[in-house]
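**Student:** when you get a sec, could you give me coordinates for this:
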Amino acid sequence: MTTQTDQGGAAADAALTVEERWANFHRYGPFGLLGIGLTMSIATSQVVGMDRSDWYVVGSLSLAAFVLQVWWVRAMRTRPGPCAASIFNYWVRWAISFVVAWINPFFAFYGACGYFDVERLLPRRMVRPGVVAAVVVVAGSQSGGLPPHGPVGWAVFGGLLAVNTTLAAIMGHLNAKENERARVQAETIAELERTNTALQEAMDENAALHAQLLVQAREAGVADERRRLAAEIHDTIAQGLTGIIAQLQVVAGTADPQQARVHLDRAADLARHSLGEARRSVHNLSPAALENASLPEALKKTVDDWSRRTGVRAEFTVTGTTEPLHDEIEATLLRIAEEALSNAARHAHAGRLGVTLSYMAGEVTLDVRDDGRGFDPLELPARTGTGGFGLDGMRARAERIAGALTVESEPGTGTAVSARVPLVRHDQ
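**Tutor:** Predicted coordinates:
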């Protein structure tokens, strides 16, 4: 029979495995991001007008960045926390990314390293300046490259700088809360193991109860918490940021001040909405759209807003007898609908789209169908669980509440996404 000590050790090992994966990312991730930036720069060198002198600078600094990271990988073994060497590494790396991103905006991939390890490399007093510095490189790339061109370019850069700074601050806050949960969990597991040694006979009598508590601890572990937070950020903040960037790109391409103001107002509305969703994510509340509306009302508004934003004709239909559902059921169906609409906007190139919410005996189904170009589901790359929250994310959300998600599509025939979940009423 599995003992509590064995289960506690397994939970601790799972948390350690996640930490080891993050440590490997911090060691080797900058190499990959530098390689991506260099590859994209080679592919776009003629587009951005890079000449021979630019390549001398880019080549020299890329080599310097590679040597710097090799040195830091070795130094990490003896310097696990913020120190003089880590501060030097962060700011030299940032200076390199700023210069090469000035020459070719695609080097912002390398500049984004600062988002991930600023708290590991810099002391607390330098974290905020470090984040802002990384944001400058990324926002400059998103706005078309540094320096911005003309008043509109500076306006777009300023907007992107504000949005990215807000997003980085929110992610930092969520990460701090996650780390605190992980710390408390580790202390709890350690305390349970010590108690098991002192009270072995009592633990044997309550083995079933302790096993249940440890299973719950594992399910609420660091890896699961990171996936949940990442999915929530993707489904709310990232989609809002995508909409903001789209509006700002329209502003950058128009010379009409009145039209530019309309799109800037839309971007501001999206930013406020995304900020509200982020605050609710921190407190683990339901989506904002469900606060003062039923699920059918929230879905209809979501579909109408999506249709106005994309210009695609979209219809929403309800079948069966409408019932108030459990908060988790409603939140899951709304998030699946939002992700399906986001995928359709990015990939389907559809002319029409229909969303149907059906109440049936014992279950609720949500169907999203479009007449777009479709795809072959068998040709999708396999997911590893470490990135991407499209179809896999929707499927995981449905399965989390004992539901299921199916996708039917063929090239040229459109796509149908169907989520089936249990009908659990609000009062159950």
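**Student:** only C-alpha atoms for contact and neighbour calcs from this point on.
**Tutor:** Noted.
**Student:** elements contacting the helix or strand encompassing Ser307?
**Tutor:** Element membership for Ser307, per DSSP states H and E: helix 295-310. Other elements packing on helix 295-310 under the criterion 3 or more CA pairs under 8 Å, 6 or more residues apart in numbering; DSSP states H and E are strand 313-319, helix 327-343.
**Student:** give me the angle between it and helix 327-343.
**Tutor:** Computed by axes from the mean of the first three to the mean of the last three CA atoms, to 10 degrees, the angle separating helix 295-310 from helix 327-343 equals 20 degrees.
**Student:** just give the nearest non-adjacent residue to Ala350, would you?
**Tutor:** Gly372 (3.8 Å; CA to CA, 6 or more residues apart in numbering).
**Student:** what about that neighbour, is that helix, strand or coil?
**Tutor:** Each residue gets one of three states, and Gly372 gets coil by DSSP: H, G, I helix; E, B strand; the rest coil.
**Student:** surely it is in contact with Ala416?
**Tutor:** No: the criterion here is CA atoms under 8 Å, and Gly372 misses it with Ala416 at 10.1 Å.
**Student:** bridged to Phe316, which residues?
**Tutor:** Val355 (DSSP bridges).
**Student:** so what's the residue count around it?
**Tutor:** By the measure other CA atoms under 10 Å, the count of residues near Phe316 is 19.
**Student:** OK, contacts around it?
**Tutor:** 299-300, 303, 354-357 (CA atoms under 8 Å, 6 or more residues apart in numbering).
**Student:** repeat that for 7 Å
**Tutor:** 300, 303, 354-356 (CA atoms under 7 Å, 6 or more residues apart in numbering).
**Student:** where neighbours are concerned, which of these has the most?
**Tutor:** Val355 (24 neighbours).
**Student:** could I get the contacting residues of that residue?
**Tutor:** Under the criterion of CA under 7 Å, 6+ apart, the contact list for Val355 reads 315-317, 367-369.
**Student:** can we see that at 10 Å?
**Tutor:** Shown in contact with Val355 (CA atoms under 10 Å, 6 or more residues apart in numbering): 299-300, 303, 314-318, 337, 340-341, 366-370, 416-418.
**Student:** just the buried residues of those residues.
**Tutor:** 299-300, 303, 314, 316, 337, 340-341, 366-370, 416-418 (16 or more other CA atoms under 10 Å).
**Student:** which positions in stretch 119-126 come out as buried?
**Tutor:** Buried residues in stretch 119-126, counted by 16+ other CA under 10 Å: 119-123.
**Student:** just the ones of the residues you listed in helices?
**Tutor:** Of the positions in the buried residues of stretch 119-126, 119-121 sit in helices, assigned by DSSP state H.
**Student:** tell me the one of these nearest Asn24?
**Tutor:** The closest of those to Asn24 turns out to be Arg120 (CA to CA; 13.3 Å).
**Student:** ranges for the helices of the stretch 101-250 of the chain?
**Tutor:** 108-111, 113-121, 124-142, 150-198, 200-205, 207-219, 222-233, 239-252 (DSSP state H, counting those that start in this stretch).
**Student:** weakest of those in terms of mean pLDDT?
**Tutor:** Mean pLDDT per stretch puts helix 207-219 lowest among those, at a mean of 48.
**Student:** poorly predicted segments of the stretch 301-428 of the chain, please.
**Tutor:** 381-389, 428 (pLDDT under 70).
**Student:** quick one, phi psi at the nearest residue to Ala361 once chain neighbours are set aside?
**Tutor:** Distances taken as CA to CA, 6+ apart put Leu423 closest to Ala361, at 7.7 Å, once the chain neighbours are dropped. Here is the backbone geometry of Leu423 (degrees, to the nearest 10): phi -90, psi 90.
**Student:** where's Leu423 relative to Thr365, distance?
**Tutor:** 9 Å (CA to CA, to the nearest Å).
**Student:** find residues that contact each of the two.
**Tutor:** With CA under 10 Å, 6+ apart, Leu423 and Thr365 have common neighbours 359, 403.
**Student:** returning to that earlier point: which residues does the residue nearest to Ala350 contact?
**Tutor:** Contacts of Gly372 (CA under 10 Å, 6+ apart): 344-345, 347-353, 409-415.
**Student:** and with 8 Å instead?
**Tutor:** By CA under 8 Å, 6+ apart, the contact list for Gly372 reads 348-352, 412-415.
**Student:** could you pick out the buried ones from these?
**Tutor:** For these, buried by 16+ other CA under 10 Å: 348, 350, 352, 414-415.
**Student:** tell me how far the nearest residue to Arg352 once chain neighbours are set aside lies from His347.
**Tutor:** Distance criterion CA to CA, 6+ apart; nearest residue to Arg352, sequence neighbours excluded, is Arg313 at 4.9 Å. The gap separating Arg313 from His347 is 16 Å, by CA to CA.
**Student:** now do Val138
**Tutor:** 25 Å.
**Student:** neighbour-wise, which of these two wins?
**Tutor:** When Val138 is set against His347 and neighbours are counted by other CA under 10 Å, the residue ahead is Val138, at 28 against 13.
**Student:** I'd say the more buried one and Tyr110 touch.
**Tutor:** No: counting by CA under 8 Å, Val138 does not reach Tyr110; the two are 9.2 Å apart.
**Student:** with distance to Val262 added, can I get the helices and strands packed on helix 295-310 in JSON lines?
**Tutor:** Shown next, in JSON lines, are these (distance: least, CA to CA, whole Å):
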{"stretch": "strand 313-319", "distance to Val262": "22"}
{"stretch": "helix 327-343", "distance to Val262": "22"}
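**Student:** still on that earlier bit, so of the buried ones among the contacts of Gly372, which two are at opposite extremes in space?
**Tutor:** Most distant of these, by CA to CA, are Arg352 and Thr415, 11.3 Å apart.
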